[in-house]
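# pasting the sequence and the predicted model now:
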Amino acid sequence: MTDVVLDGVDKVYPGGQVAVRDVRLRINDGELFVLLGPSGCGKSTILRMIAGLEEITGGDLWLNGTVANDLPPRDRNVAMVFQEGALYPHRTVKGNMMFPLEVSGDDRAEASAKVIELARALGINTMIDRLPRTLSGGQRQRAAIGRALIREPSLFLMDEPLSSLDAGLRTELRVEIAALVRSSRTTTVYVTHDQVEAMTMADRMAVLRDGVLEDVGTPEQIYEDPATVFTAAFLSSPPINLLQATLWAVEGQGLMFDLGPQRLTLPWGDKRASALISHHGLPVIVGIRPDTVIPIAPGSPAPSGTVLSGQVRALEFHGHEWLAYAEAGIPTVDANEVGRPERPQVPAAARPGLRDRVRAMFGRPAEEEPVEEHAGHHRRSDLVFRIAPGGRPDRGDRVALAVDMDRVLFFGADGRRITPVHR
Ligand SMILES: Nc1ncnc2c1ncn2[C@@H]1O[C@H](COP(=O)(O)OP(=O)(O)OP(=O)(O)O)[C@@H](O)[C@H]1O
């Protein structure tokens, strides 16, 4: 059992590639902690630094209250499982799982009993005499997990262990892995780019982008109360609507979000008003998840300032629900671009500078300028919403959409939440 603290950890690779910047994290004893982020955000680098496989170029790593930057990997009592859990091909499943115990000179009979017990927990007890090549991908991964866990490490590190498996197996195995590591009370750091895996498995999780921590919290905290636009968008499926607005405090009315051709209003009595007022006259981003907008029957009453309208452009069937895309004439924001330092590898001529992009992003489009071509990078301008059962509109229909203002998220132009984030 162990706790892990990253105190301002940086990683700059020898070629100058900055992979991790000033990461501050505490992973508690016995916790199943997930590092989530898109490809290249530095997840594996962090995991490898914790394992001692990668040098830490700045800051400190603490393991169980001791600085461990220079502790050799063998002295960290860490076990690691990779995407393709490498097994010894000429050893059976049992032979593979026995190996770490043989190396440490454990009693053979006791080791064998332990292997059989763990194999049972992993659902591979009927195949322990088989060679890895005769197993399916999922079975091989179970065996690799068994081999890693058999010597009861203090810290269990998993780098996308399910990513090579098909969707059904991934679902099955993630439930089992979560149950297994929880019952063993082994502190586990689990890397994935899959938001569903992260949300369903984690006790707590961190979202990373470009080597920087965007958010840390329980899955529920991060979903309901995201710290940044990037986090809100990364965890939203179907995608969150991110609308560009200018915020105006209007006497007698409240806080008015000017969305170009449309408006939303929050009354002064709303508990978020005192934080939002600091952005009077400034560009803001209004985040509306598809399940917080509900189509309303034409002519039905709705409180003013809480309704958007649009014309349905496309309908999508997702099995358990229908989604609709409506053209609403509202400029939208690409979460990947907001709050991101300029990426040097992209030729300057190919994209506008950060200031130009921010200005373009929040400048009101000229009347004749089509919104989707605005600012030089892709910008969808459709409002995405869920369709309530029974009331499906047709393509081309005009729809009025009631917005549940209590669940709308407000971000500044830098992508950070304006209202306080609770952790
Ligand atoms: N050995 C290396 N030398 C130089 N740069 C590296 C090295 N390993 C990784 N990087 C770079 O560091 C950054 C972070 O890589 P890392 O593998 O940690 O990301 P990741 O989030 O785990 O991505 P993925 O999900 O694709 O594995 C990337 O830009 C990557 O190209």
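Yep, that arrived.

# and the residue nearest to S39 when sequence neighbours are not counted, how close does it get to L36?
Once flanking residues are discounted, S39 sits nearest to H193: 6.1 Å by CB to CB, 6 or more residues apart in numbering. Yep, even glycine has a C-beta here, placed from its N, CA and C like the rest. For H193, the distance to L36 equals 7 Å [CB to CB, to the nearest Å].

# ok, R133 next?
Counting by CB to CB - R133 and L36 are separated by 32 Å.

# neighbour count: these two, which is higher?
Higher neighbour count among R133 and L36: L36, with 27 against 9, using other CB atoms under 10 Å.

# quick check: phi and psi at that one.
With angles defined as degrees, to the nearest 10, L36 sits at phi -120, psi 140.

# specify the beta-bridge partners of it.
Residues in a beta bridge with L36, per DSSP bridges, are T192, V207.

# quick check: residues of the stretch 151-300 of the chain near the ligand?
Contact residues, the stretch 151-300 of the chain versus the ligand (CB under 6 Å from any ligand atom): H193.

# and the residue of the stretch 151-300 of the chain nearest the ligand?
H193 (5.2 Å; CB to the nearest ligand atom).

# returning to that earlier point: between H193 and L36, which contacts overlap?
The contact sets of H193 and L36 overlap at K43 (CB atoms under 8 Å, 6 or more residues apart in numbering).

# OK, contacts around the residue of the stretch 151-300 of the chain closest to the ligand?
Applying CB under 8 Å, 6+ apart, we find H193 in contact with 36-39, 43, 160, 163.

# least confident pick among the residues you listed?
Within those, pLDDT reaches its minimum at S163, with 86.

# before we move on, the earlier item: which of the contacts of H193 lies closest to L242?
Checking those against L242 by CB to CB gives P38 as the nearest, at 16.7 Å.

# one step back: got the contacts of H193 as TSV, with distance to P331 and secondary structure columns?
Below are the contacts of H193 laid out as TSV (distance: CB to CB, whole Å; DSSP: H, G, I helix; E, B strand; the rest coil):
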residue	distance to P331	secondary structure
L36	28	strand
G37	27	coil
P38	24	coil
S39	28	coil
K43	32	helix
E160	36	coil
S163	35	coil
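
# hmm, which of those residues are the buried ones?
Restricting the contacts of H193 to buried positions leaves 36-37, 43, 160, with burial counted as 16 or more other CB atoms under 10 Å.

# and the residues you listed, which is closest to R340?
So of the buried ones among the contacts of H193, ranked by how close each gets to R340 (CB to CB), first place is G37, at 12.8 Å.

# check contacts around the closest one.
Contact analysis of G37 by CB under 8 Å, 6+ apart lists 43, 193, 207-209, 214, 234.

# quick one: the closest residue to G391 other than its chain neighbours and R392, what's the gap?
Among residues not flanking G391 along the chain, P295 sits closest, at 6.4 Å (CB to CB, 6+ apart). The spacing between P295 and R392, counted by CB to CB, is 9 Å.

# many thanks, I have nothing further to ask.
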